[in-house]
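S.K.: give me coordinates for this.
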Amino acid sequence: MDLRALLMGLSFAVMWASAFTSTRMIVTEAPPLMALALRFALSGAVGVAIALAMGQTWRTLTRAQWRAVIVLGLCQNALYLGLNWTAMQWIEAGLASIIAATMPLMVAALGWTLMGERLRPLGVAGMVLGVIGVAIIMGARLQGGSDLTGILMCFVAALALAVATLTVRGASGGGNVMMIVGLQMLVGALTLGVLAPLVEDWSVTWSPRLVVAFLYTVIVPGLLATWVWFLLVGRIGAVRAATFHFLTPFFGVAVAALFLGEDLGLGDVIGVGIIMAGILAVQLSKAPPVRRPPPS
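M.R.: Here you go, the predicted model:
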């Protein structure tokens, strides 16, 4: 992996993980699905406007790109984020970020069973280490008691994101990346905008924290992180890019501890260390073999 891809992956992981903390701030003071629909509407409109200013247009999108726009809008936005935002009414932001870290395992499993993709033994070992690390962190968290419904919702959300991640490969080629980012958010806004009034009551506790958190999640995780993710997947592929989601427990727990006062225990530290080792193993397994010159 080249340095640029590494920096892109790390920046994406930080931005993505911080979204759990800002989301927790929002959903404790506003209905999650309505707030998320508004976020997508704003982010999507801004994304499309930026794309038009960059000379991009939806008229030249390929059939595969349009299909990806729809699937991403439904799986990544409406399902993954909709379920996570709802679940975080009852579970901690750090725990939600830990569950999200299981997504690369789902990507690898779906890639193997449905697309014929395989990992070398070192990569498999890295994935196993990732599972162990996530299990250690979750075990430490669950000892304090967590809502089972919220946990299950987060796992279903991770599965939806895995499907969206594999679909991104059809959207990252052919250019018009920012236009695709904006359009798939508008799909999410439309879907949640129809659903939210049926299941939620509009009751908002206005505060400066709510406003700042909402604006942050519109701009950083909403637009910037999604754009970086598209570029990253186009550069190194969905399975390799997905391994950066293993970093979400570390950044997610750290940011939640810093801004929300959530506990950061020994189990978190040990689990994150094992996850980091798993990431390294997966990345090394994907590196091309070194060709030695023949003896002279």
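
S.K.: okay, CA-based contacts and neighbour counts for the rest of this
M.R.: Will do.

S.K.: my guess is Asp263 contacts Gly252. True?
M.R.: No - using C-alpha atoms under 8 Å, Asp263 is not in contact with Gly252; the gap is 11.8 Å.

S.K.: what about those two, which has more around it?
M.R.: Neighbours per residue (other C-alpha atoms under 10 Å) separate Asp263 from Gly252, with Gly252 holding more: 28 against 15.

S.K.: spit out the contact partners of that one.
M.R.: Going by C-alpha atoms under 8 Å, 6 or more residues apart in numbering, Gly252 touches Val14, Ala17, Ser18, Phe20, Thr21, Ala93, Gly94, Ser97, Ile98.

S.K.: what number of residues lie near Ser146?
M.R.: Neighbours of Ser146 (other C-alpha under 10 Å): 14.

S.K.: next one: the one 3 residues further on
M.R.: In terms of burial, Thr149 registers 11 neighbours under the definition other C-alpha under 10 Å.

S.K.: and the least confident helix or strand in the chain by mean pLDDT, what does it pack against?
M.R.: Across the helices and strands of the chain, mean pLDDT, DSSP states H and E gives its lowest value to helix 238-242, namely a mean of 72. Helices and strands touching helix 238-242, by 3 or more C-alpha pairs under 8 Å, 6 or more residues apart in numbering; DSSP states H and E, are helix 103-115, helix 148-172, helix 225-236, helix 266-286.

S.K.: adding distance to Leu61 and mean pLDDT, write these out as TSV.
M.R.: Formatted as TSV, the helices and strands packed on helix 238-242 follow (distance: least, C-alpha to C-alpha, whole Å; pLDDT from 0 to 100):
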stretch	distance to Leu61	mean pLDDT
helix 103-115	24	75
helix 148-172	9	80
helix 225-236	15	83
helix 266-286	31	75
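
S.K.: which one, of the ones you listed, ends up nearest to Leu33?
M.R.: helix 148-172 (14.0 Å; C-alpha to C-alpha).

S.K.: average pLDDT for the helix or strand that the closest one is followed by?
M.R.: Proceeding C-terminally, helix 148-172 gives way to helix 177-199 as the next helix or strand, assigned by DSSP states H and E. Averaged across helix 177-199, pLDDT comes to 92.

S.K.: in whatever helix or strand comes next after helix 177-199, which residues are buried?
M.R.: On the C-terminal side of helix 177-199, the closest following helix or strand by DSSP H and E is helix 208-217. For helix 208-217, burial by neighbour count (16 or more other C-alpha atoms under 10 Å) applies to Leu210, Ala213, Phe214, Tyr216, Thr217.

S.K.: report the contact partners of the third one.
M.R.: By C-alpha under 8 Å, 6+ apart, the residues touching Phe214 are Ser22, Thr23, Ile26, Arg39.

S.K.: that one and Ala30, how far apart?
M.R.: Look at Phe214 and Ala30: by C-alpha to C-alpha, to the nearest Å, they are 10 Å apart.

S.K.: anything in contact with each of these two?
M.R.: Joint contacts of Phe214 and Ala30 (C-alpha under 8 Å, 6+ apart) do not exist.
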